[in-house]
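Trainee: structure of the sequence below:
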Amino acid sequence: MTAVEWSDGAPIYRQLKDRVVAMLLDGILKPGDALPSVRQVAAEYQLNPITVSRAYQELADDQLVEKRRGLGMYVTDGANARLLQSERERFLREEWPLMLERIQRLGLTIEELLDPKSKWGPK
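Mentor: From the prediction side, this is the model:
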């Protein structure tokens, strides 16, 4: 994991969990990979170990990682597929309706949204 700035908008354990989720979706973490130890993460980011444990427990509750006694936490087989499915569902349920409403409010067309060379896109 790399340098992190924690925001005040969400609990730190949630932000840490989201960071691991992003690493899974980006393919940085793969099935069978070990997560850094709770102590290592706590020391590196100056966090309370209970905060790290809570993030790891939520990942385990979601069946994205599993605890191997005496060895640590490991990414489960199928974690990426389960995660991708749940994140797609969450996006369509929570984020997309707000985005669609904003798109409609601004009167944007599909062509404008998909054309990277539009007058609003990157130069």
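
Trainee: least confident secondary structure element in the protein?
Mentor: Lowest by mean pLDDT, DSSP states H and E among the helices and strands of the chain is helix 110-114, with a mean of 88.

Trainee: so which bits of it are buried?
Mentor: Buried residues in helix 110-114, counted by 16 or more other C-beta atoms under 10 Å: none are found. Any C-beta I mention is one placed from the backbone N, CA and C, and that applies to glycine too.

Trainee: then stretch 37-51?
Mentor: Those would be 38, 41-42, 45, 47, 51, for stretch 37-51 by 16+ other C-beta under 10 Å.

Trainee: contacts for that stretch?
Mentor: 1, 4, 12-13, 16, 35-36, 52-53, 56, 72 (C-beta atoms under 8 Å, 6 or more residues apart in numbering).

Trainee: now those as JSON lines including distance to Gln104 and neighbour count?
Mentor: As requested, the contacts of stretch 37-51 are arranged in JSON lines below (distance: C-beta to C-beta, whole Å; neighbours: other C-beta atoms under 10 Å):
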{"residue": "Met1", "distance to Gln104": "39", "neighbour count": "14"}
{"residue": "Val4", "distance to Gln104": "35", "neighbour count": "13"}
{"residue": "Ile12", "distance to Gln104": "36", "neighbour count": "18"}
{"residue": "Tyr13", "distance to Gln104": "36", "neighbour count": "19"}
{"residue": "Leu16", "distance to Gln104": "35", "neighbour count": "23"}
{"residue": "Leu35", "distance to Gln104": "41", "neighbour count": "22"}
{"residue": "Pro36", "distance to Gln104": "44", "neighbour count": "16"}
{"residue": "Val52", "distance to Gln104": "42", "neighbour count": "25"}
{"residue": "Ser53", "distance to Gln104": "43", "neighbour count": "15"}
{"residue": "Tyr56", "distance to Gln104": "40", "neighbour count": "24"}
{"residue": "Gly72", "distance to Gln104": "48", "neighbour count": "16"}
